[in-house]
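>>> Have a look; sequence and predicted model below, questions after that.
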Amino acid sequence: MKKTEKIALIGIILYLISWSLNVFRPLFIMQFINSANSSKVDATFFALPLWIVMIAFNVAIAIWLFIIAKREKTIPLVWALFGLISGLLAPVLFYAVRIYEILDKQKNNSEPIK
C-alpha cells in the first residue's frame, strides 16, 4: 500500500466517525421539534426522502470512483467505499492524491540542476 493510500485510509476512518454523528442529526432535531410541539410529526417522513437521494448519489460516486481507481491502478475498493460514505468529498480527494503522485513522480524523475 502506498503512502498516499494509507493517508486516504486514515482519512476514511476519521470521516466515518464524523459521518456517523451527522447522519442521525436530522432525527435528533426532529425529535426535539416534536417534543416542543403539541402535534407529533414523524421524523422519518421528512428525513427518508433526503436519505434516499443521498444514498443514490453516493452509490453513483462509489461506482464511478471504483472504475476510475481501477483504471489508475490504485485500490478501487477503498476509493469506492470512501465515495459511498463521503459523497462529493471522495472524488476531490482522489484527484488531489493523483495530482500529488504525478507531481512527486515528476520531481523524482527530474535531474537536479547543477
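In hand now; what should we look at?
>>> need the contact list for I7.
I7 is in contact with V97, counting by Cβ atoms under 8 Å, 6 or more residues apart in numbering. Every residue, glycine included, has its C-beta placed from N, CA and C.
>>> what's the distance between it and Q106?
20 Å (Cβ to Cβ, to the nearest Å).
>>> for K6, what are its contacts?
By Cβ under 8 Å, 6+ apart, K6 has no neighbours at all.
>>> From I75, how far out is it?
Distance from K6 to I75, by Cβ to Cβ: 10 Å.
>>> Then L9?
Counting by Cβ to Cβ, the gap from L9 to I75 is 9 Å.
>>> Can you get me a residue count around N58?
For N58, the count of nearby residues is 17 (other Cβ atoms under 10 Å).
>>> and the helix or strand harbouring it, average pLDDT?
N58 is part of helix 43-71 when elements are defined by DSSP states H and E. Averaging pLDDT along helix 43-71 gives 80.
>>> now do stretch 98-114
Mean pLDDT, stretch 98-114: 76.
>>> Tell me which residues of it come out buried.
E101 (16 or more other Cβ atoms under 10 Å).
>>> Can you show me the strands along the chain?
Read by DSSP state E, the chain holds no strands at all.
>>> can you pull the buried residues of the helix holding N58?
A43, A47, N58, I61, A62, W64, L65, F66, I68, A69.
>>> which helices and strands does that helix pack with?
helix 25-36, helix 76-86, helix 89-109 (3 or more Cβ pairs under 8 Å, 6 or more residues apart in numbering; DSSP states H and E).
>>> looking at those, which is buried most?
With neighbours taken as mean count of other Cβ atoms under 10 Å, the helices and strands packed on helix 43-71 reach their highest mean count in helix 76-86, at a mean of 20.
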